[in-house]
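In: Pasting a predicted model and its sequence here:
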Amino acid sequence: MKYEFPQDFWWGSAASGPQTEGAADVDGRKPSVWDHWYKEEPGRFFNNVGPVNTSNFYYQYKADIQLMKETGHNSFRTSIQWSRLIPDGVGEVNPKAVEFYNNVIDEMLANEVEPFINLYHFDMPMSMQELGGWENREVVDAYAAFAKTCFELFGDRVKHWFTFNEPIVPVEAGYLYDMHFPNVVDFKRAAQVAYHTTVAHALAVKAYHALQQDGEIGIILNLTPSYPRSQNPADLRASHIADLIFNRSFLDPVTKGEFPADLVDILKEHDALPVYTEEDLAVIKNNIIDILGVNYYQPRRVKAKEYAAHPDAPFMPEHLFDNYEMPYRKMNPYRGWEIFERAIYDIAINLRDNYGNIPFFISENGMGVEGEDRYRTESGYIDDHYRIAFIQDHLKWLHKAMSEGANCKGYHLWTFMDCWSWANAYKNRYGLVEVNLDQDYKRTVKSSGRWYKALSDNHGFDA
């Protein structure tokens with residue numbers, strides 16, 4: 001069967017500045033929370049590998065953009081590092097950063113690779129975190145000024161902007177589960193961070209639309225469909241609550257301009273309602289997105305609580321539901337994530353039916369594998385046939401959703417080349433292109449990269 005996609009479909013991949021650029025301590029860049037955390041606790045990072053050099057894109061961007069063409073990209077998403085462009089978070093713009101990002105954007109356009117630019121990918125400047133990060137309303141305004149600066153500097157050429165990548169992740173990882181800096185475990189503070197992030201997003205949307213630069217602006221959300229264990233009302237309620245907290249907490253305000261009433265009720269019940277103003281709520285209401293980026297990796301499966309939480313335990317989302325491990329589920333053992341391709345269809349149909357069929361694209365989808373070197377061929381490249389199968393199986397379900405009217409504009413894989421991945425460092429590899437850390441960041445296209453070129457050239461694939 002032939003799975004055909006539109007001629008103008010976006011084929012590409014996604015990455016971020018902090019995960020690929022390297023050069024973390026040169027040309028005026030100042031520390032982000034990642035540089036600070038690594039300095040304080042290097043043992044929290046896989047194999048003690050920190051964020052200083054990552055994948056060396058800062059120095060190899062021209063050759064990398066040629067490899068994007070070689071692997072079928074007509075578009076590519078990366079991010080501008082706040083700590084590079086405005087090193088103190090506010091104030092002076094770094095001319096070296098302006099030069100670098102101008103060069104990258106111009107090189108992409110010269111090679112017919114459309115730049116998709118994100119403004120925040122977990123990388124709070126340490127100067128801003130010292131003020132309290134997203135808990136501090138001043139940082140919200142500083143971010144809005146940073147966003148406006150980016151639009152003014154690069155908006156004549158960049159026509160696809162995104163305010164945040166996966167904004168729920170800093171909330172979860174940094175303020176609930178002790179996975180990322182600042183390693184807080186406090187639901188109320190997490191709610192404040194989520195609220196202020198939403199305000200910051202809306203202010204950036206407002207600033208972009210005011211400039212009338214003939215482009216579009218959106219946000220990148222990682223949507224994890226919440227599947228109940230059964231159709232029992234208690235399991236259905238558990239699924240609804242998980243969906244509110246982990247999906248609709250951002251999806252509703254950015255598309256509909258308001259937070260779900262059920263979520264607000266939960267926050268009130270548990271004394272976790274953030275400090276807010278009517279003025280900020282009006283900004284959220286009046287500045288919805290033009291396009292949505294959807295990152296999809298795994299589903300969330302839940303069931304009703306079996307045992308009540310300890311009354312003295314800090315309140316957590318899991319006090320309202322239990323996670324459920326479905327028997328015989330297909331797993332990626334390296335990442336510990338379930339592989340459930342149908343969810344990409346369910347997301348698309350949900351957006352079609354409940355969110356006005358908003359234009360969207362798959363902004364991340366990918367498979368991280370540890371120890372890929374064992375798949376190296378005699379010719380020297382990695383035969384990652386498992387990644388090709390993973391992409392195909394997801395695209396089949398995406399194609400079905402589009403055939404049923406879902407308004408999908410493209411598919412971006414995570415990621416173009418193997419990159420540094422936060423506390424996981426280089427544990428798992430995701431790229432179409434291998435990065436050899438032992439040979440001066442040598443790039444080698446994998447089997448998936450060659451296949452991806454054919455996918456793009458043919459606007460689809462035969463299965």
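Out: Noted; the coordinates are in hand.
In: From residue 221, how far out is residue 355?
Out: 11 Å (CB to CB, to the nearest Å). The way it works is simple: take the backbone N, C-alpha and C, and place the C-beta from them, glycine included.
In: show me the contacts for the residue lying closest to residue 49 once chain neighbours are set aside.
Out: Ranked by CB to CB, 6 or more residues apart in numbering and with sequence neighbours excluded, the top spatial neighbour of residue 49 is residue 425, at 3.8 Å. Counting by CB atoms under 8 Å, 6 or more residues apart in numbering, residue 425 makes contact with 45, 46, 47, 49, 50.
In: how about the helices in the stretch 51-200 of the chain?
Out: 57-70, 82-85, 95-110, 126-129, 137-154, 168-175, 187-211 (DSSP state H, counting those that start in this stretch).
In: scratch that, the stretch 251-400 of the chain is what I was asking about
Out: Taking DSSP H, counting those that start in this stretch as the test, the helices found in the stretch 251-400 of the chain are 261-269, 278-286, 342-354, 385-403.
In: could you dump these to a markdown table with mean pLDDT?
Out: Shown next, in a markdown table, are the helices of the stretch 251-400 of the chain (pLDDT from 0 to 100):
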| stretch | mean pLDDT |
| --- | --- |
| helix 261-269 | 97 |
| helix 278-286 | 98 |
| helix 342-354 | 98 |
| helix 385-403 | 98 |
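In: Tell me which of those sits nearest to residue 304.
Out: helix 261-269 (15.6 Å; CB to CB).
In: what helices or strands is the closest one leaning on?
Out: helix 233-243 (3 or more CB pairs under 8 Å, 6 or more residues apart in numbering; DSSP states H and E).
In: swap the cut-off to 6 Å and go again
Out: Packing contacts for helix 261-269, counted by 3 or more CB pairs under 6 Å, 6 or more residues apart in numbering; DSSP states H and E, involve no helix or strand.
In: quick check: angle from it to helix 187-211?
Out: Here helix 261-269 points in a direction 140 degrees away from that of helix 187-211 (axes from the mean of the first three to the mean of the last three CA atoms, to 10 degrees).
In: Next, the angle from helix 261-269 to helix 233-243.
Out: Using the same axes, to 10 degrees: helix 261-269 against helix 233-243 is 90 degrees.
In: Which of the residues in helix 261-269 are classified as buried?
Out: Within helix 261-269, the residues that count as buried by 16 or more other CB atoms under 10 Å are 263, 266, 267.
In: Any chance you could list what contacts that helix?
Out: Applying CB atoms under 6 Å, 6 or more residues apart in numbering, the contact partners of helix 261-269 are 191, 244, 273.
In: ok, the second one - how many residues close by?
Out: Put plainly, it is residue 244. By the criterion of other CB atoms under 10 Å, residue 244 has 23 neighbours.
In: what bridges to residue 332?
Out: Legend: beta-bridge partners of residue 332 under DSSP bridges are residue 337.
In: Based on its surroundings, how many neighbours for it?
Out: Count around residue 332 with other CB under 10 Å applied: 18.
In: Repeat that for residue 306.
Out: 6.
In: List the residues that contact it.
Out: Residue 306 makes contact with residue 322 under the criterion CB under 6 Å, 6+ apart.
In: For it, grab phi and psi.
Out: Backbone torsions of residue 306, given as degrees, to the nearest 10, read phi -90, psi -30.
In: Please report how far it lies from residue 251.
Out: Taking CB to CB as the measure, residue 306 and residue 251 are separated by 29 Å.
In: for residue 79, same thing?
Out: 21 Å.
In: And residue 62, by the same measure?
Out: Applying CB to CB to residue 62 and residue 251 gives a distance of 37 Å.
In: These two: who's more crowded?
Out: Here residue 62 and residue 251 are compared on neighbour count by other CB under 10 Å; more neighbours surround residue 251, at 24 against 12.
In: Report the contact partners of the more buried one.
Out: Applying CB under 6 Å, 6+ apart, the residues contacting residue 251 are residue 221.
In: And for residue 397?
Out: Residue 397 touches 341, 342, 344, 345, counting by CB under 6 Å, 6+ apart.
In: what about residue 132, how many neighbours?
Out: 16.
In: Residue 309 touches residue 319, doesn't it?
Out: Yes. With contact defined as CB atoms under 6 Å, residue 309 counts as touching residue 319 (4.2 Å).
In: how about stretch 309-317: buried residues?
Out: 315, 317.
In: could you dump it to CSV, C-alpha only?
Out: Provided in CSV are the C-alpha atoms of stretch 309-317 (Å, rounded to 0.1, in the frame of the first residue of the first chain):
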residue,chain,number,x,y,z
ALA,A,309,-1.9,8.5,49.7
HIS,A,310,-0.3,9.0,53.1
PRO,A,311,-1.9,12.1,54.7
ASP,A,312,1.5,13.6,55.4
ALA,A,313,2.9,13.1,51.9
PRO,A,314,3.4,16.1,49.7
PHE,A,315,0.4,16.3,47.3
MET,A,316,1.2,15.0,43.9
PRO,A,317,-0.9,14.3,40.7
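In: which other residues reach that stretch?
Out: Residues contacting stretch 309-317 (CB under 6 Å, 6+ apart): 185, 187, 245, 270, 319.
In: Relative to residue 119, which of those residues is nearest.
Out: Distance to residue 119, by CB to CB, is smallest for residue 245 among the contacts of stretch 309-317, at 24.4 Å.
In: so how far is residue 416 from the closest one?
Out: In terms of CB to CB, residue 245 sits 32 Å off from residue 416.
In: Ignoring the adjacent residues along the chain, who's closest to residue 155?
Out: Computed as CB to CB, 6+ apart, the closest residue to residue 155 that is not its neighbour in sequence is residue 213, at 4.2 Å.
In: so who does residue 244 touch?
Out: 260, 262, 263.
In: pretty sure the first one is touching residue 248, no?
Out: When you say that, I think you mean residue 260. Yes. In this structure, residue 260 is within contact of residue 248 by CB under 6 Å, at 5.0 Å.
In: Noted, bye for now.
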